[in-house]
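Undergrad: For reference, the sequence and a predicted model appear below.
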Amino acid sequence: MNFSQIGRLVFVAAIWGASHVLVRITVPELGPILTAFLRIGIAALTLTIFQMFSRVPFKFKNNWKFYLMVGVLYTSLPLSLFALASVYLPSAYLVILNATTPIFAAIFSALVLKEAFGLRKLGSLMLGLSGVFLLKEFGSIKAVTPEVMLAMAMGLLASASYGLCGVLVKKYGSGENPTALTTGSNLFASALLLPLAVQSFHQLPSPQFIHHSAIAVTVSIFILGVFGSALAFVVFYGLIREIGPFKASLTTFLMPVFGIIWGLLFLDEPLTWGMGAGAVLVVASTAFFVRKR
């Protein structure tokens, strides 16, 4: 991996680490499904406008099935699951669960792409998992209720979906333009969530904006859509094409570091020694993998 690729890896990790914090702001006011829909819808609108004024090829008729698959596995399903999980889990836990994506990516890469699962890859994964374990074991949640366990299961399922889709994008979409892929997948994802979003909107309690102001929620949704689901995914799909799904998914090992920082700064979430130690191991796991042989 060169300096540019590592820089983009960190850039995506910073944005997605912040995304889990922003979701914690919007979900209490809008609900998980409406949050996911608005985030994806804003991304789809932003990218569609960009497509209209750019020369990026957008072969929707030929690639709609591929866009649909990515829209489900990499957008609507995982974003909805993480939004639902945010009802019971703090942002630090969400990014920790998200950090299991490279594990699923490595497994699916070995099964689908026949990539070697060598000692270097195994060592990087084990080091990263050690950091995740510390974050979980010595985090802020003390009482693990059935709701918390279900939320964790949702986070793991979302990460598995990310890992599988990254491999499928590498295998079947290596020639697809990242911007076109992100646009098409977000259009399908927003369409799939529309019926559930309408139902969720009608079930919103009144009064709204009890926990956070309307301005904070609006700004959070805008950032989630434009940066978290539009710009970040364009950059990420480009990384998948260049370095493969496993290396690209290592961005999720960096996300807990940013998630903890953003949660501490903007949500006053507690910081424990386990979180700090775990974050160091997570960064070390990424550095171990990307360093030159």
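TA: On my side now, so go ahead.

Undergrad: which stretches of the stretch 1-150 of the chain aren't confidently modelled?
TA: Filtered on pLDDT under 70, the stretch 1-150 of the chain yields the residue ranges 135-136, 139-143.

Undergrad: Tell me where it has helices.
TA: For the stretch 1-150 of the chain, applying DSSP state H, counting those that start in this stretch gives helices covering 3-30, 32-52, 60-71, 77-85, 91-98, 101-108, 119-137, 146-172.

Undergrad: Check those for me and report the most buried one.
TA: For the helices of the stretch 1-150 of the chain, average neighbour numbers computed from mean count of other Cβ atoms under 10 Å are highest in helix 91-98, which has a mean of 29. For glycine as for every other residue, the C-beta is placed from the backbone atoms N, C-alpha and C.

Undergrad: just how off-centre is it within its chain?
TA: 10 Å (Cα atoms, centre = their mean, to the nearest Å).

Undergrad: quick one, that helix and helix 77-85 angle?
TA: 150 degrees (axes from the mean of the first three to the mean of the last three Cα atoms, to 10 degrees).

Undergrad: Mind putting the helices of the stretch 1-150 of the chain into CSV with distance to S185?
TA: Shown next, in CSV, are the helices of the stretch 1-150 of the chain (distance: least, Cβ to Cβ, whole Å):
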stretch, distance to S185
helix 3-30, 16
helix 32-52, 9
helix 60-71, 4
helix 77-85, 11
helix 91-98, 18
helix 101-108, 17
helix 119-137, 27
helix 146-172, 9
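
Undergrad: For A216, which of the ones you listed is the nearest?
TA: helix 3-30 (5.9 Å; Cβ to Cβ).

Undergrad: contacting residues around the helix or strand containing I223?
TA: In this assignment (DSSP states H and E), I223 forms part of helix 214-223. Outside helix 214-223, the residues that touch it by Cβ atoms under 8 Å, 6 or more residues apart in numbering are 18, 22-23, 25-26, 29-30, 35, 38-39, 42, 208-209, 212.

Undergrad: in that helix, what's buried?
TA: Using 16 or more other Cβ atoms under 10 Å as the test for burial, helix 214-223 gives A216, V217, S220, I221, F222, I223.

Undergrad: ok so, going back, quick one, which of the helices of the stretch 1-150 of the chain is nearest to L264?
TA: helix 91-98 (8.6 Å).

Undergrad: Only C-alpha atoms, please: export that closest one in PDB.
TA: What follows is helix 91-98, C-alpha atoms only, in PDB (Å, rounded to 0.1, in the frame of the first residue of the first chain):
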ATOM      1  CA  SER A  91     -21.000   4.800  19.400                       C
ATOM      2  CA  ALA A  92     -17.800   3.200  20.700                       C
ATOM      3  CA  TYR A  93     -19.400  -0.200  20.700                       C
ATOM      4  CA  LEU A  94     -20.800   0.300  17.200                       C
ATOM      5  CA  VAL A  95     -17.400   1.000  15.700                       C
ATOM      6  CA  ILE A  96     -16.000  -1.900  17.600                       C
ATOM      7  CA  LEU A  97     -18.500  -4.300  16.100                       C
ATOM      8  CA  ASN A  98     -17.800  -2.600  12.700                       C
END
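
Undergrad: about what we covered before: in TSV, list the buried residues of helix 214-223 along with pLDDT.
TA: Converted to TSV, the buried residues of helix 214-223 look like this (pLDDT from 0 to 100):
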residue	pLDDT
A216	88
V217	90
S220	94
I221	95
F222	96
I223	95
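
Undergrad: can you put those residues in JSON lines and add distance to F188?
TA: Formatted as JSON lines, these follow (distance: Cβ to Cβ, whole Å):
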{"residue": "A216", "distance to F188": "29"}
{"residue": "V217", "distance to F188": "26"}
{"residue": "S220", "distance to F188": "24"}
{"residue": "I221", "distance to F188": "20"}
{"residue": "F222", "distance to F188": "22"}
{"residue": "I223", "distance to F188": "22"}
